[in-house]
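**Student:** turn this into a structure:
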Amino acid sequence: MGGAEFDDLWVVVPVYNEARVLAQTLTELTAQFPHVCVVDDASADQSGAIAEAFFDRGARLVSHPINLGQGAGLQTGFEYVLRDPAMARVVTFDADGQHLVSDAAAWPGGWATVSTWCWGRGSWGWRPTWAASSGPSCGWPWPTPISRPG
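**Tutor:** Residues are numbered from 1 along each chain as shown. Below is the predicted model:
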């Protein structure tokens with residue numbers, strides 16, 4: 001699993017019918033990050049079972065009983081990781097393998113200047129809006145690091 005530099009960081013992965021690629025994504029994520037929250041948005045495939053298989057590697061599964069969309073998946077993931085008092089940072093990550101784990105690992109240190117965040121409603125659901133000039137506007141591009149406010 002990942003090194004001590006990521007002990008206070010969680011990766012939130014919203015999932016909907018990604019069984020085809022989820023095992024590879026979680027293999028790569030759990031090799032780098034010790035804490036991964038997978039939010040299964042009522043997938044009809046084996047996405048939830050695949051995520052459960054990564055429990056011993058630090059992955060935690062939260063499941064929606066009905067499909068609520070990516071924004072709700074992110075919100076559920078944030079609510080879950082905020083329960084960990086040691087959590088100081090969150091990185092969102094797509095389950096479909098389009099992002100590189102090495103990029104996610106590099107961003108939190110590079111965006112250490114981010115000090116505040118708020119929520120704005122947009123066409124892609126709930127998304128972070130950054131106050132720091134070094135980060136993107138409205139959370140783009142994904143994956144998106146978030147620092148705990150305060």
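
**Student:** for this protein, which spans come out with low pLDDT?
**Tutor:** The chain contains residues with pLDDT under 70 at 1-3, 108-150.

**Student:** for it, longest helix please?
**Tutor:** Ranked by residue count and defined by DSSP state H, the top helix of the chain is helix 19-32.

**Student:** so which bits of that helix are buried?
**Tutor:** Neighbour counts over helix 19-32 (16 or more other Cβ atoms under 10 Å) mark Ala19, Leu22, Ala23, Thr25, Leu26, Glu28, Leu29, Thr30, Gln32 as buried. (Glycine included, C-beta is placed from N, CA and C.)

**Student:** what residues are up against the third one?
**Tutor:** So that's Ala23. Ile50, Ala53 (Cβ atoms under 8 Å, 6 or more residues apart in numbering).

**Student:** kindly recompute the last result at 7 Å.
**Tutor:** Going by Cβ atoms under 7 Å, 6 or more residues apart in numbering, Ala23 touches Ile50.

**Student:** could you measure from it over to Ser47?
**Tutor:** 10 Å (Cβ to Cβ, to the nearest Å).

**Student:** also the first one?
**Tutor:** When distance is defined by Cβ to Cβ, Ala19 is 5 Å away from Ser47.

**Student:** now for these two: what residues contact both?
**Tutor:** By Cβ under 7 Å, 6+ apart, no residue touches both Ala19 and Ser47.
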